[in-house]
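> Compute the structure for the input listed below.
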Amino acid sequence: MSTGLRAGTFGIGTFEASGRTFPGLVLPDGEVIDVGDRFTDTHEIFGDWPRNLELLERRTADKPLASFQDVRPLPPLAHPNLLCAGANYKQHVAEMLTKNKFNQHNKLLGETDEQFFARNYAMMDRRAAEGTPFLWAGVHSALIGAHDDLVLPPVGVQHDWELELGAVIGGTGRYTTVDEAELLIAGYVMLNDVGSVDTFRRTDIPWGYDWIGKHQPGFKPAGPFVVPAQFVDVAELTITLKVNGQTMQDWPADDMVFSLPQLITYASERVRLTPGDVVTAGSPPGNGMHHGKFLSPGDLVESEITGLGRQRNQCVAEDIGDRKPVFGAWKNAD
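Modelled structure (predicted):
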């Protein structure tokens, strides 16, 4: 099994082998090195990042414990705060604004779809220069490993994917500058921000949206590892996701409205950043809503971000026995 790492790099993750869970390093050739003798978990690693990075660089010469194909990658971080950007990829947002039936009242009389899209895209450029990021908080109980089954619940039917680039925080941060925020990025990780989109929009409450449907157990495949920031150039990354072998997302990672340092700065003004927190940059175009296709049991989702490893998640139906959801999915009046 290929690691997806570039030569000269390494990944930091949490792994299971022979019934034991441990923090470890993955090398490009697939060797896995156990660092559990020094660190309790990966949160401890990112708690004192510069010093621990030097230690890990020395540990890459250790005798490997196992091969990557023989271990199970767990979520690289067990309990991070997930701070997730929305509406942060220019192409994706412009497409959504153009196609969304709830935004059609903003289309000008006689305006073509192409003209409407161009106007929406220009609005993203203005937002980048003058606007404010949008973040929402996720729960770590939704995390699963890069090769685990993606369990689809009976609540909602439009289970959608959104492969995203995440920055892992090394240390703590509060009211950071953008330059300080960039130095807080210890590494990068990929995360698939799955959500049941037919549960999102509400017409029975004034604010109109309910995103708890993004937090179902298993809706956040993460990893398989974190790659230290010194090995990553975001401008060189491509985000790619396939469903049953068909490419759905394939987009440069840097097409952002707000950069990850900007998102981190914004987050630090709303919460205290802690070691191992993950700030995601949002989704590029190509989600299920765009394609008119959603995930069903039996689907295979294969994901990759250049140099950050690969995910392979089989979709299965959640077994809830004889239980039945009391509220189920919200049924919109319109």
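> the domain parsing of the chain - what is it?
11-74, 82-317 (automatic domain parsing).
> Within the helices and strands, which one has residue 93?
helix 90-99 (DSSP states H and E).
> Can you name the next helix or strand after that helix?
Next along from helix 90-99, by DSSP H and E: helix 113-130.
> List the buried residues of whatever helix or strand comes next after that next one.
Using DSSP H and E, the helix or strand that directly follows helix 113-130 along the chain is strand 135-138. Neighbour counts over strand 135-138 (16 or more other Cβ atoms under 10 Å) mark 135, 138 as buried. Bear in mind the C-beta positions are built from the backbone N, C-alpha and C, glycine included.
> Also stretch 109-120?
116, 117, 119, 120.
> if you average pLDDT over it, what comes out?
Averaged across stretch 109-120, pLDDT comes to 88.
> hang on, residue 57 in a helix?
Yes - counting by DSSP: H, G, I helix; E, B strand; the rest coil, residue 57 is found in a helix.
> And the pLDDT for it?
Per the predicted model, pLDDT is 97 at residue 57.
> okay, now it: neighbour count?
13 (other Cβ atoms under 10 Å).
> Repeat that for residue 108.
9.
> quick one: contacts for it?
Neighbouring residues of residue 108 by Cβ atoms under 8 Å, 6 or more residues apart in numbering: 115, 116.
> elements contacting the helix holding residue 93?
helix 113-130, helix 288-291 (3 or more Cβ pairs under 8 Å, 6 or more residues apart in numbering; DSSP states H and E).
> Rebuild these as TSV, extending it with distance to residue 96.
As requested, these are exported to TSV (distance: least, Cβ to Cβ, whole Å):
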stretch	distance to residue 96
helix 113-130	8
helix 288-291	8
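> quick one, phi psi at the residue nearest to the spatial centre of the chain?
Relative to the mean C-alpha position of the chain, the nearest C-alpha, by Cα atoms, centre = their mean, is the one of residue 191, at 2.6 Å. Here is the backbone geometry of residue 191 (degrees, to the nearest 10): phi -150, psi 130.
> right, and it touches residue 161 too?
No - contact criterion Cβ atoms under 8 Å: residue 191 and residue 161 do not qualify, at 11.1 Å.
> anything in contact with each of these two?
By Cβ under 8 Å, 6+ apart, no residue touches both residue 191 and residue 161.
> Tabulate the domains of the chain in CSV, adding columns for distance to residue 2.
Below are the domains of the chain laid out as CSV (distance: least, Cβ to Cβ, whole Å):
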stretch, distance to residue 2
domain 11-74, 8
domain 82-317, 7
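> for this structure, what are the low-confidence residue spans?
Residue ranges of the chain with pLDDT under 70: 1, 330-334.
> can you rerun that using 90?
Applying pLDDT under 90 to the chain flags residues 1-2, 91, 93-113, 115-118, 120-123, 199-213, 327-334.
> Residue 66: what's it in contact with?
17, 32.
> Compute the distance between it and residue 77, please.
21 Å (Cβ to Cβ, to the nearest Å).
> Same question for residue 323.
In terms of Cβ to Cβ, residue 323 sits 31 Å off from residue 77.
> Who has more neighbours out of these two?
Between residue 323 and residue 77, counted using other Cβ under 10 Å, the more crowded position is residue 77 (30 against 8).
> Help me confirm that that one comes into contact with residue 45.
No - between residue 77 and residue 45 there is no contact under Cβ under 8 Å: 9.4 Å.
> Sweet, I'm off.
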